[in-house]
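>>> A structural model of the following input is requested.
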Amino acid sequence: MKILSYNIFKYLLINFIAITLYSDTQSFSGKIKEADASILYDSTFYEINKDGTYTTTYHKRIKMLSQNGLEKFGHKSFAFSASSGTIAVIFARVYKPDGKAIDLSSKNIETFRKPAWEGSKEFIPNIYYLKITFPQLEIGGEIEYKVRDIFRGSAIDNHFQGYAFFEDVEPIGQKVIIADVPKTMDLKWKFIENKTAHKKSKLFFNKELKGNRVINVWSMEEIYPIEPEPAMPFFVNLSSRLLISTLPSWEFLSNWYYEISKKAFKTNIDMRLLLNDVVNEKMSREEKIRACFNWVVENIRYVETTLTGHKAGLRPAPAPKTLKRQYGVCRDMAALLISILKEEGIESSIALTNTTMKTEESLPVDQFNHTIIAVKTDTNYLYIDPTPDNSKEFLPAYEYNGQAVLVCTEEGEPLRYTPLEKPEKNSLFITAISNLEANNELMGNLTVEPKGYMDLKYRNTLRKNTPEETKEMIVDFVKTINSSAVIDTFYIEGLSSIKETLLIKIEYRVRNYGNQMGDILSLHSPIRNSWETDNFFRGINPFVLKVRKYPVDMEIVSNISYHEELIIENTFKIANTPDNYEFSNEYISTKQNYKVHKNKIIIDSKFIVKDPDIPLDKYETIKNIQRKAHELARQQIIIKRR
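Here you go, the predicted structure:
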């Protein structure tokens with residue numbers, strides 16, 4: 001019997017999968033209603049060399065089911081670095097609804113450079129996009145492409161590691177991941193199942209030895225989509241995930257990144273001169289760290305930089321270079337802060353994290369997308385991120401609450417996790433004094449004071465806004481108090497420097513406030529009633545759905561507090577105030593307290609997120625708490641004329 005050669009076997013394997021996928025998945029697309037498209041098959045083939053270099057072949061066929069589908073899949077782009085690889089289109093075609101195939105030509109494929117930032121006329125050297133445009137595409141038609149990505153470099157010499165997601169926002173008929181590795185490589189893998197999937201698909205695995213190569217195949221059929229839902233977790237934390245790796249440990253990965261980064265931690269005379277202006281001998285160690293952090297945040301811009309040479313896109317730029325040009329990406333800014341602290345005699349380490357995805361610990365795989373620094377303390381590490389513009393906090397709130405951090409040292413470190421932050425660290429304090437006059441005119445002064453992540457959000461928004469946009473934002477808020485409310489004046493303090501406290505102060509008035517029936521006037525607390533919790537969570541109330549498919553992601557721990565004093569003119573008598581309440585569990589806490597002192601109503605209320613990751617089985621309980629609190633908060637104050 002003739003034995004197939006390895007190359008013929010590989011060719012037949014890829015094409016057999018493609019033919020099988022198409023024949024088996026056409027019927028699946030009809031089971032999914034209201035989808036914009038159906039991914040008939042999706043395969044990724046890794047051909048890995050023993051030195052860690054590899055080639056990836058992507059093969060995809062997608063059926064269009066709506067106009068949105070045409071717009072979404074009318075073109076496809078791939079990014080690549082010309083210094084370490086290239087991308088080649090093996091074929092690309094469009095299928096008409098009647099099955100007629102149209103092969104694309106070179107005029108449908110273009111390569112262009114990546115701007116340094118959106119709208120920039122500057123470009124990042126060596127970074128390009130390859131874009132395929134699919135013409136004459138119709139609803140009921142399909143696209144198909146096969147693209148080969150040749151990576152000539154190796155992120156980690158003599159090793160391979162990566163991960164892939166199995167779900168999409170569109171249904172998938174069948175998904176296949178193939179890893180073709182030398183048999184000398186110890187390839188390990190881990191599958192993380194989507195525990196929220198209502199219709200689970202089974203993962204199939206097959207491993208076959210072919211000469212001195214091992215072919216690993218993972219496949220899944222009839223994969224239902226992840227559907228959008230208000231305040232849902234990020235897609236990457238829901239989708240089933242396959243991790244594959246030859247790395248021996250997290251300590252190995254920690255040491256590897258330290259070794260490729262350590263040459264960036266250089267100091268020079270310019271840093272010493274800078275420190276002479278930034279710190280002084282009377283400062284404590286933490287005050288010096290704070291001063292250096294503030295300087296980097298306020299003076300170094302986040303701008304994409306050149307990706308050249310070995311380990312392009314991974315190794316930080318030398319710190320003196322970043323200091324001189326005063327821009328860089330997260331790894332460059334981290335290396336600069338490490339070097340400035342080093343010049344001051346404070347040791348710190350570069351560290352890897354992910355700002356959105358939860359890192360799977362069971363298999364060492366680089367699941368990171370961001371670089372920060374770690375300063376050793378007596379008990380643990382102080383994590384510092386100098387990247388976010390206008391940040392007053394060492395670490396923004398979305399990097400707390402169990403995000404994985406890999407501190408990179410010469411000895412190698414295990415994976416660690418950031419602590420659960422206290423809600424008071426990310427607070428919004430709203431204080432107001434309002435006077436209700438005898439003619440029912442309400443005169444009010446209010447102050448908004450954000451802290452932590454709230455400060456970061458407000459500060460970034462206000463700095464980016466034009467004066468007209470800021471005024472419109474303030475007017476929109478005041479109109480939530482009453483549609484006829486008029487601003488007398490507003491001003492913003494502390495916006496120019498992150499060392500100052502940000503305060504937004506507004507003076508306003510409302511004619512004919514409340515609803516009058518004879519001698520009785522009913523009215524809402526002006527501020528408490530106007531500022532609902534849904535303003536802070538992606539623009540919507542996360543508890544509006546009757547039934548949810550996914551957990552609630554409140555993003556951060558937070559504390560929204562109101563203190564309001566409503567002074568009633570002496571011609572009125574306070575007859576009734578809303579009921580007080582307090583509801584609490586391990587995830588949220590909310591309370592409202594009304595007090596009456598002579599002709600003054602004092603209102604204190606809070607909405608606290610203790611743990612932002614609310615599981616599905618707690619949704620109904622918290623939804624009922626929110627509903628009851630909302631109903632009680634909507635009760636009215638009743639006053640009577642004397």
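
>>> Only C-alpha atoms from now on, for both contacts and neighbour counts.
OK.

>>> Now do stretch 631-641, average pLDDT.
The pLDDT scores in stretch 631-641 average 90.

>>> Which parts of the chain belong to which domain?
6-246, 252-419, 424-641 (automatic domain parsing).

>>> Tell me which of those domains is the most buried.
domain 252-419 (a mean of 19; mean count of other CA atoms under 10 Å).

>>> residue boundaries of the strands in the stretch 251-400 of the chain?
Residue ranges of the strands in the stretch 251-400 of the chain, as given by DSSP state E, counting those that start in this stretch, are 301-302, 327-328, 348-353, 370-376, 381-384.

>>> Each with direction, which strands does the third one pair with?
This points to strand 348-353. Sheet partners assigned to strand 348-353 using DSSP bridges are listed as strand 370-376 (antiparallel), strand 404-407 (antiparallel).

>>> and the helix or strand harbouring T621, what other elements does it pack with?
T621 belongs to helix 619-633 when elements are defined using DSSP states H and E. Applying 3 or more CA pairs under 8 Å, 6 or more residues apart in numbering; DSSP states H and E, one finds that helix 619-633 contacts strand 581-584, strand 588-597.

>>> tell me the mean pLDDT over the last one?
Averaging the model's pLDDT scores along strand 588-597 yields 94.

>>> C-terminal to it, what's the next element?
strand 600-609.

>>> now that following strand against strand 588-597, angle please.
Interaxial angle of strand 600-609 relative to strand 588-597 (axes from the mean of the first three to the mean of the last three CA atoms, to 10 degrees): 170 degrees.

>>> Can I get strand 600-609 as CSV, trimmed to CA atoms?
Output in CSV follows, covering the C-alpha atoms of strand 600-609 (Å, rounded to 0.1, in the frame of the first residue of the first chain):
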residue,chain,number,x,y,z
LYS,A,600,-35.6,71.8,55.6
ILE,A,601,-35.7,68.3,54.0
ILE,A,602,-32.3,66.5,54.1
ILE,A,603,-31.9,63.7,51.6
ASP,A,604,-29.0,61.2,51.7
SER,A,605,-28.8,58.3,49.3
LYS,A,606,-26.3,55.8,47.9
PHE,A,607,-26.0,53.2,45.2
ILE,A,608,-22.9,51.0,45.8
VAL,A,609,-21.5,48.3,43.5
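
>>> And the helices in the stretch 1-150 of the chain, which stretches?
Under the criterion DSSP state H, counting those that start in this stretch, helices of the stretch 1-150 of the chain are mapped to 6-25, 67-73.

>>> Over to the stretch 401-550 of the chain?
Using DSSP H, counting those that start in this stretch, helices in the stretch 401-550 of the chain cover 453-464, 467-481.

>>> The first one packs against which elements?
By that I understand helix 453-464. Helix 453-464 packs on strand 427-436, going by 3+ CA pairs under 8 Å, 6+ apart.

>>> Now do the strand it packs on against strand 600-609, angle only.
160 degrees.

>>> So in that sheet, which strands flank strand 427-436, and in what orientation?
strand 442-450 (antiparallel), strand 558-568 (parallel).

>>> Tell me where the model's unsure across the stretch 101-250 of the chain.
In the predicted model of the stretch 101-250 of the chain, residues 116-125, 153, 198 satisfy pLDDT under 70.

>>> ok, now how distant is A155 from A432?
Using CA to CA, to the nearest Å, A155 is found at 56 Å from A432.

>>> list the contacts for V557?
397, 421-423, 426, 608-612 (CA atoms under 8 Å, 6 or more residues apart in numbering).

>>> right, and the pair among these with maximum separation?
Spanning the widest gap among those are A397 and I608, at 14.5 Å by CA to CA.

>>> quick one: low-confidence ranges for this protein?
1-33, 116-125, 153, 198, 304-313, 528-540.

>>> does A179 really touch R213, like I thought?
No - A179 sits out of contact with R213 when judged by CA atoms under 8 Å, with a separation of 10.1 Å.

>>> To R634, which of the helices and strands packed on helix 619-633 lies closest?
Using CA to CA, the helices and strands packed on helix 619-633 put strand 588-597 closest to R634, at 11.2 Å.

>>> got the angle between the closest one and helix 619-633?
Using the same axes, to 10 degrees: strand 588-597 against helix 619-633 is 10 degrees.

>>> Which strands or helices does strand 588-597 pack on?
Taking 3+ CA pairs under 8 Å, 6+ apart as the contact cut, strand 588-597 packs with strand 581-584, strand 600-609, helix 619-633.

>>> and for that strand, what are the contacting residues?
In contact with strand 588-597 (CA under 8 Å, 6+ apart) are residues 577-584, 601-611, 622, 629, 633.

>>> And stretch 180-189, by the same measure?
For stretch 180-189, the external contacting residues (CA under 8 Å, 6+ apart) are 45-50, 209, 212-216, 242-246, 363.
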